[in-house]
Each structure stands twice: as C-alpha cells, then as structure tokens.
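# got a predicted structure here, sequence first:
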Amino acid sequence: MSLTVGLAYNLKTHCPWARGHVEDEAADYDDPQTIQEIAAALESGGHRVIHLPYGAGLFGVLEHSRPDIVFNLAEGWGDRNRESLVPAILEYLGVPYTGSDPLTLGCSLDKAWGKMLAAQSGVPTAPFLKVDPGRGLPADLGGLRLPVFVKPNAEGSSKGIRYRSKAATAGETAAMVRWVHETYAQPALVEEYLPGREFSVGLLGNGETLVTLPVIGVRPGRDVPREALGEDPENEFIYSYEVKSRNMEEAECPARIPIALAARMEALARRVWDAFQCRDVARVDFKLDADGSPQFLEINPLPSLSREWSFLALAARAAGLDYPGLILAILDAALARNSFHRETETGRWTPWRAA
C-alpha cells in the first residue's frame, strides 16, 4: 500500500516581505520547480502527495487531510521561531514528519545558542559576541580580535551576509552591527574572522544508519568580484548573499583535501548532530582557522533540497545516490524512526505504525 505524504513548504513568491523588501528576504524559501521535483521524487516511491503550502489555513488543511506523514520543508514566516512552527503544529495533531523537532530547529537557527551548544560539546568554534538591538558594541569588542565577521543572529541561506560583513576596524564593525539591527530587526552576531576555506558536511539517517556524505569545499567562481576575495583569494573568499544568489561559487565534492582533515570534519559533524539531537537529515558547516583547523560555523537541520543547487543533493550524487533516492532516503529514515512497517514483498511502507 502507498502512503499519503504531505509536502509542507514556503514558496518565495508567497513571502510577505515584512521587512520592506530587503533583497534577500525570500532567500530561505523554495521555488515551484524544487517543490515539483520533490513531489515527483516522492511519487516515484509509490506515494500519493498532498501539497501543504505554508499559510493561515495550513492547520485546517492538516486537520482535515490527516496525511500519514509530512515531508517538511517549511521555513515559516517570522523570526527565530519560524522553522519550529510547522513541526509544532504537526506534533499537536499527532502527525509524523521528516526532520528535526521544534527545539532542535529553534536552537540551530539562533546562531549564538548554536555556537554555545557546539562549544559545550567540545566542538571548536570562533570566539563571538551577540549584540542586541538598542545596544552598542563594548569598547573592547568583548575581547574579540580584529578582523571580525558580522551577520544576523537568526538567518540562513547567507541572508544578511555581504562583502562588507568582514570588518577590519571597530568603526566598520559598529556600522555593520547597526545595519543588521536596522535591516533585520534582530541581534547581530560578531565573531572573530576565520581566514581559511569553508566546507560543508551532510548527514543522512538515524542511529546506526547515520551516514556522513562526502565533504563539500566552497571555492570562488571566475565571476566573483575582487572585493569578495580578500588578500588570499583561495582561502579568504566571502561566501555572501551576493555570491550565492548569482551562483558565483564553485562547489568541490568530494573536496580535494587531506584524508585526515575530511575525517576530522566528519567526526565533528557527527558530534554536532548528537549535540543538537538531529533527525533524518542535516548539514553542518565549517571554516578553517589560520592554523588550518576546522571551526564550527552552523548546523542546518532544515537544509535546501534543490536538485541543481543544494549542497546536499551534490553530496548525495558524489555518494552514488540520485535525487529521487536522496528524497526517499530522508522519508524512509523518518518512517523507520516513527515505527512504520515496510512490507517485505513489495518494499513499500504500510500506512499504519507497527506496535
């Protein structure tokens, strides 16, 4: 028997533009093509898909349709709790869903909390300072060494990250902090600048089935302007919204790095996964310090799943898993975690949970 799978998502075209048409306001959300591709992947597994676009009527639609499980992509609208909203609704209704729970999603979206949790778990991360709106920078920058990097505390998809996010002086830092406060109406995260390359590690599964996907390295493409490259273009490339929105980066997968460095990042990614109690799928980002050691940047337990552009799809391809296989692997991980029963003859999941 096939399952009825709800597909919950936010479309870029539905974004309410609450902050006055900030250029990256809709960066977190999906385009119709991605939703169609994910729906097709789910249907290729024999499932029936119900579309659940985020909006005021979502609760009623869920209560009426009662899908067997929801494939959750919904980012929500609002501030640091937005990614937790749909999972919280699903838990209230008793509907299983893919991915992490509301607490994990909230802690990971708040970058300062995330860095503290990672550090307490023994994962290295750059020293940082959170500056709330209405407050200025401390005179000594909280002990941080210049240069620093400034970004919004609760955004994803490079939102609020610009070429000028790297600040070399106290004055530049203060200006960027003010810009974050005024533009995004939230605290600014100020952290010591890491001069090395950026990497990403995808994880898939749960418990003994958890696997790390090949490490992705981010490099500047040919069209990246000089102002985004720093003194050492190979290492100091700023992966900003300007770069990401124009697809000017080059993703290298598997990253051409020493085996020991890849193994170190994979081990740290698993430690972060455990610390945040992630489920089914996530992506962990690192950047190298001046000594070439990986430092935790952030974890994204609700990563982009675009077929063409997402790091997770790229890493899955490098591991020999095609796009429908990736989407169905995420769904299967959630089904097994929720004790659904797979029919041995057909390989399909039954629409009831086993005792």
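In hand now; what should we look at?
# report the longest helix in the chain, please.
The residue-count maximum for a helix in the chain (DSSP state H) belongs to helix 259-276.
# pLDDT on it, on average?
Helix 259-276 carries an average pLDDT of 98.
# what's the answer for stretch 124-131, then?
Averaging pLDDT along stretch 124-131 gives 97.
# so what's the gap between that stretch and the chain middle?
Stretch 124-131 sits 19 Å away from the centroid of its parent chain (CA atoms, centre = their mean, to the nearest Å).
# quick one: buried residues of that stretch?
Using 16 or more other CB atoms under 10 Å as the test for burial, stretch 124-131 gives 125, 126, 128, 129, 130, 131. In short, each C-beta sits where N, CA and C put it, glycine included.
# and if you look at stretch 66-75?
Buried residues in stretch 66-75, defined by neighbour count with 16+ other CB under 10 Å: 67, 68, 69, 70, 71, 72, 73, 74, 75.
# pick out the most distant pair among those residues.
68 and 75 (22.9 Å; CB to CB).
# quick one: least confident helix or strand in the protein?
One helix or strand of the chain scores below all others by mean pLDDT, DSSP states H and E: strand 349-353, with a mean of 52.
# if we can go back for a sec, now, which of the buried residues of stretch 124-131 sits nearest residue 57?
residue 130 (35.9 Å).
# for the stretch 1-150 of the chain, what spans make up the helices?
With DSSP state H, counting those that start in this stretch, the ranges of helices along the stretch 1-150 of the chain come out as 32-44, 58-65, 85-93, 102-109, 111-120.
# figure out which of the ones you listed is closest to residue 200.
Of all the helices of the stretch 1-150 of the chain, helix 102-109 comes closest under CB to CB, at 14.3 Å.
# what's the average pLDDT for that closest one?
On average, the pLDDT along helix 102-109 is 96.
# remind me which residues of the protein are low pLDDT?
Along the chain, segments meeting pLDDT under 70 span 1, 17-21, 24, 26, 224-236, 243-246, 248, 342-355.
# what domains does the record give for it?
Here the domain parsing of the chain from automatic domain parsing is 4-99+331-353, 127-192, 198-301.
# can you redo these as CSV with distance to residue 310?
As requested, the domains of the chain are exported to CSV (distance: least, CB to CB, whole Å):
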stretch, distance to residue 310
domain 4-99+331-353, 8
domain 127-192, 11
domain 198-301, 9
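# these: which one's closest to residue 321?
Nearest to residue 321, of all the domains of the chain, is domain 198-301, at 8.3 Å by CB to CB.
# number of residues surrounding residue 317?
Neighbours of residue 317 under the rule other CB atoms under 10 Å: 17.
# likewise residue 55?
Counted with other CB under 10 Å, residues neighbouring residue 55 total 12.
# residue 15 is in contact with that one, correct?
No: contact criterion CB atoms under 8 Å: residue 55 and residue 15 do not qualify, at 11.6 Å.
# what's the longest helix of the chain packed up against?
Contact here means 3 or more CB pairs under 8 Å, 6 or more residues apart in numbering; DSSP states H and E; on that basis helix 259-276 packs against helix 102-109, helix 111-120, strand 198-205, strand 211-212, strand 280-288, strand 294-300.
# how about residues contacting it?
If you take CB atoms under 8 Å, 6 or more residues apart in numbering as the criterion, helix 259-276 is touched by 100, 104, 107-108, 114, 117-118, 120-124, 199, 201, 203, 210, 212, 215, 254-255, 282, 284, 286, 292, 294, 296, 299, 301.
# need the buried ones from these selected in ChimeraX.
Burial among the contacts of helix 259-276 is assessed by 16+ other CB under 10 Å; the matching ChimeraX selection reads:
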select :100,104,107,108,114,117,118,123,199,201,203,210,212,215,255,282,284,286,294,296,299,301
